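**Student:** sequence and predicted structure, then a few things I'm wondering about:
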Amino acid sequence: MKSLFLNDAVGNTHDIVFEDGILKTVSDEDYIKQKVKTLLLSIEGDFFLNTNIGLPYFDVFFVKNPDLDVIKQAVSDEVLNNDVLIKLGVTNLQFRRVNIDERKRKLSVDILIYTENSSYGVNI
């Protein structure tokens with residue numbers, strides 16, 4: 001599959017990218033990684049065509065003393081039950097790191113996505 005490339009440089013807003021006047025695209029491994037990252041940055045209910053897509057940020061993440069096990073379960077459910085990722089061959093995921101920096105109010109997640117043929121690291 002092919003998709004538009006979304007700039008994921010640190011501090012970027014995931015805008016589409018043009019190179020020499022041509023719209024940049026991604027495919028294969030980069031498409032899977034971008035799809036997972038976009039999915040995990042989506043808030044449940046925000047996408048008007050499918051309000052089930054996205055993570056329950058307001059119920060699970062943006063709460064006082066968030067539970068890392070509940071966060072991991074929400075991430076796993078979202079990735080492993082996504083129709084597009086299933087069609088792309090995503091079979092499992094492994095958490096390499098989940099960290100909450102309470103002082104900076106920042107959550108970072110580092111996961112390994114497994115497909116039938118390979119594995120890919122994804123960070124948010």
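**Tutor:** Looks like it came in fine. Being a predicted model, the structure only gives us computed values, none of them experimental.
**Student:** find the residue at the geometric middle of the protein.
**Tutor:** Residue closest to the average C-alpha location in the chain (Cα atoms, centre = their mean): residue 37, at 2.4 Å.
**Student:** quick one: the helix or strand hosting it to chain centroid distance?
**Tutor:** For residue 37, the enclosing helix or strand under DSSP states H and E is helix 28-40. Counting by Cα atoms, centre = their mean, to the nearest Å, helix 28-40 is centred 7 Å from the centre of its parent chain.
**Student:** and for stretch 105-123?
**Tutor:** 8 Å.
**Student:** helices of this protein, start to end?
**Tutor:** 28-40, 68-80, 83-87 (DSSP state H).
**Student:** let me know which of the ones you listed is tucked in deepest.
**Tutor:** helix 28-40 (a mean of 18; mean count of other Cβ atoms under 10 Å). Placement of C-beta: from N, CA and C, glycine included.
**Student:** now do that helix: everything it contacts.
**Tutor:** Counting by Cβ atoms under 8 Å, 6 or more residues apart in numbering, helix 28-40 makes contact with 1-3, 5-6, 8, 14, 26, 53-55, 75, 78-79, 82, 84-85, 88, 90, 109, 111, 113, 115, 118, 120-124, all of which sit outside it.
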